[in-house]
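Visitor: model the following, please.
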Amino acid sequence: QTRRSVRVTETIARCAITAGGVGTILAVSMIFVFLVWVVVPLFDSPQTGHDERFDAPSDLPPFHVGVDEERLLAWTLHRDGKLELHDLTTGERIDSSEPFGDVPPSAASFGLTDDSAVFGFSDGTARIGRIGFTTSFLTEEEVPDRLRGLVIGASAVHEGGVVDRTAIGQLRRTTLDIEFGEAMGTGDQSAVVHVDHVVAPSGLSLVTYQESGALRVSRERQRRNLLTGEVKTSLKHTDLTANDGTERPVPVAVGMGGLGQHVYSIAEDGHTEHWDLRDFAAPRLFEEIDLTPSVEASVSAVGFVAGRQTLVIGSEDGQVSTWFPARAEADGEPLLRHVYDLEGAPEPVAYIAPSPRSRMIAVGFESGLVRLYQASLGEDILSVQGEEPARALLIAPKEDAILARGAGQLTSWEVDLKYREATVRALFRP
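Guide: Numbers count the residues shown, from 1 in each chain. Predicted structure coming up:
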């Protein structure tokens, strides 16, 4: 007869094994539930939130629009040289100035991921500078009584900028900062029609197309006076204009790709010259390619994805395509290759704007429609509808809003993009 102690031990062992097995199953199940709980939100659809529309009439289309990270201030530079600053919480115009005096720029280029800017003028000169926001923190003693009562999240206009109360109770002041260098010659005295630039570790490079037909690339060169310490900036030029007498198409846009090693001159019919600037002293024409081969419509907008490797082309029939320089062979040249045809709209493309922090782009159409795309995947993310065409378009620095400036309105849409890169196609397809 089995002893009682043995039976008790067997019972305890059986219960322990059963509990261990059930516990293991529950632990694995909880891990599965946790993984589902973490992964499922990755596939949530992007959403649009509150939108703000402010009256901001303008006689001329703007060059560019900018906004600070907290979306408190927005600036607009118009083609007549007037710079306006608006409070985005109320729509109030805080300031209006003419930083270029009586001579407005004839062309302008703005950094995709920084505050750099280059301006071309009718006398053939260029000025390098920046337009951006500066943040500082104030003590309670430094502000008037009306600002001391600001609650967390509230803001108020103060001395040409905005002061807001942060989440930890600090008073933060945001102001617009404008800096420009002296005018520098581009190698031609005719008006600058188009300009683009890139800031690389080696310095700033810019490409200009001028009224005379000259296509030039210039690089910033700085020299320091050893006696006075003064730094003088000038431009070193290389000419891309054909010297064989061949008549080149007139571009509607010029662009610099990568770190300045690629230069594009894009004509209205899509005919594009792709130049190699790896050897600055001896530029080479890589290729001539049609960037609208499947349509008869002309090019209406040109832009880059952040990083300046992917070129984005918009046409008058509403098509949007992306192009990328790639080598067909290991020792081949990096020639432009068609990547995606994005879902467009049945009206002309008006403006293309990149995100400053990802591979996303915003495209505005003549009907006021604005679409966001994930350029790496060629997928439409979301759409918003404006009341007028966007003449300048911007994705906010934190990718939490879209800003559009039209002829009569300044519009801001709040967006929640979720995890836009996490799609079934991106995760499970090669």
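
Visitor: how about stretch 264-275: buried residues?
Guide: For stretch 264-275, the neighbour count (16 or more other CB atoms under 10 Å) marks 264-268, 270-275 as buried. C-betas here are computed from N, CA, C, even on glycine.

Visitor: stretch 410-420 too?
Guide: Result for stretch 410-420 [16+ other CB under 10 Å]: buried residues 410-415, 417-418, 420.

Visitor: what's the farthest-apart pair in these?
Guide: Leu410 and Lys418 (26.2 Å; CB to CB).

Visitor: quick check: Ile381 vs Glu343, distance?
Guide: 11 Å (CB to CB, to the nearest Å).

Visitor: anything in contact with each of those two?
Guide: Counting by CB atoms under 8 Å, 6 or more residues apart in numbering, the contacts common to Ile381 and Glu343 are Arg371.

Visitor: give the residue from these two that has the larger number of neighbours.
Guide: More crowded of Ile381 and Glu343, by other CB atoms under 10 Å: Ile381, with 18 against 15.

Visitor: wait, a strand at the more buried one?
Guide: Yes - under DSSP: H, G, I helix; E, B strand; the rest coil, Ile381 sits within a strand.

Visitor: where does the stretch 301-430 of the chain have low pLDDT?
Guide: 420-430 (pLDDT under 70).

Visitor: would TSV of the buried residues of stretch 264-275 with secondary structure, pLDDT and distance to Leu42 be doable?
Guide: Shown next, in TSV, are the buried residues of stretch 264-275 (DSSP: H, G, I helix; E, B strand; the rest coil; pLDDT from 0 to 100; distance: CB to CB, whole Å):
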residue	secondary structure	pLDDT	distance to Leu42
Tyr264	strand	96	36
Ser265	strand	96	41
Ile266	strand	96	37
Ala267	strand	95	42
Glu268	coil	93	42
Gly270	coil	92	38
His271	strand	92	42
Thr272	strand	94	38
Glu273	strand	94	42
His274	strand	95	38
Trp275	strand	94	41
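
Visitor: for the nearest residue to Gly160 once chain neighbours are set aside, give the beta-bridge partners.
Guide: Leaving aside its chain neighbours, Gly160 sits nearest to Asp95 (5.6 Å; criterion: CB to CB, 6 or more residues apart in numbering). The bridge-partner assignment for Asp95, based on DSSP bridges, gives Leu85.

Visitor: pretty sure Asp95 contacts Val157?
Guide: No - using CB atoms under 8 Å, Asp95 is not in contact with Val157, being 9.7 Å away.

Visitor: of these two, who's got more company?
Guide: Ranked by neighbour count (other CB under 10 Å), Asp95 and Val157 place Val157 first, with 18 against 15.

Visitor: in the stretch of helix or strand that one belongs to, which residues are buried?
Guide: Using DSSP states H and E, Val157 sits in strand 155-158. Residues of strand 155-158 classed as buried: 155-158 (neighbour count, 16+ other CB under 10 Å).

Visitor: likewise stretch 399-409?
Guide: 399-406, 409.

Visitor: ok so, going back, separation between the residue nearest to Gly160 and Leu176?
Guide: 8 Å.

Visitor: Provide the contact partners of the helix or strand encompassing Phe286 at residue level.
Guide: For Phe286, the host element (DSSP H and E) is strand 284-290. With contact meaning CB under 8 Å, 6+ apart, strand 284-290 is reached by 240, 262, 269-276, 333-336.

Visitor: 7 Å - rerun?
Guide: 270-276, 333, 335-336 (CB atoms under 7 Å, 6 or more residues apart in numbering).

Visitor: what is the nearest of the residues you listed to Gln385?
Guide: Gly270 (28.3 Å).

Visitor: how far away is that closest one from Ser315?
Guide: 8 Å.

Visitor: what does Arg130 give?
Guide: 32 Å.

Visitor: more crowded one of those two?
Guide: Neighbour totals were compared for Arg130 and Ser315, and Ser315 leads with 22 against 15 (other CB under 10 Å).

Visitor: excluding covalently adjacent residues, which one is nearest to the more buried one?
Guide: Among residues not flanking Ser315 along the chain, Ala297 sits closest, at 4.4 Å (CB to CB, 6+ apart).

Visitor: for Tyr373, see how far away the one you found is.
Guide: 19 Å.

Visitor: who's more crowded, the two?
Guide: Tyr373 (26 against 18).

Visitor: what helix or strand is that one on?
Guide: Assigned by DSSP H and E, Tyr373 belongs to strand 369-374.

Visitor: please identify the buried residues of that strand?
Guide: By neighbour count on 16+ other CB under 10 Å, the buried set for strand 369-374 is 369-374.

Visitor: just how off-centre is stretch 103-112 within its chain?
Guide: Here the centre of stretch 103-112 is set off from its chain's centre by 16 Å, with CA atoms, centre = their mean, to the nearest Å.

Visitor: buried stuff in it?
Guide: In stretch 103-112, counting by 16+ other CB under 10 Å, buried: 104-112.

Visitor: mind putting these in a markdown table, distance to His194, secondary structure and pLDDT included?
Guide: A markdown table is the format used below for the buried residues of stretch 103-112 (distance: CB to CB, whole Å; DSSP: H, G, I helix; E, B strand; the rest coil; pLDDT from 0 to 100):
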| residue | distance to His194 | secondary structure | pLDDT |
| --- | --- | --- | --- |
| Pro104 | 16 | coil | 93 |
| Pro105 | 12 | coil | 96 |
| Ser106 | 9 | coil | 96 |
| Ala107 | 6 | strand | 96 |
| Ala108 | 10 | strand | 96 |
| Ser109 | 9 | strand | 96 |
| Phe110 | 13 | strand | 96 |
| Gly111 | 16 | coil | 94 |
| Leu112 | 16 | coil | 93 |
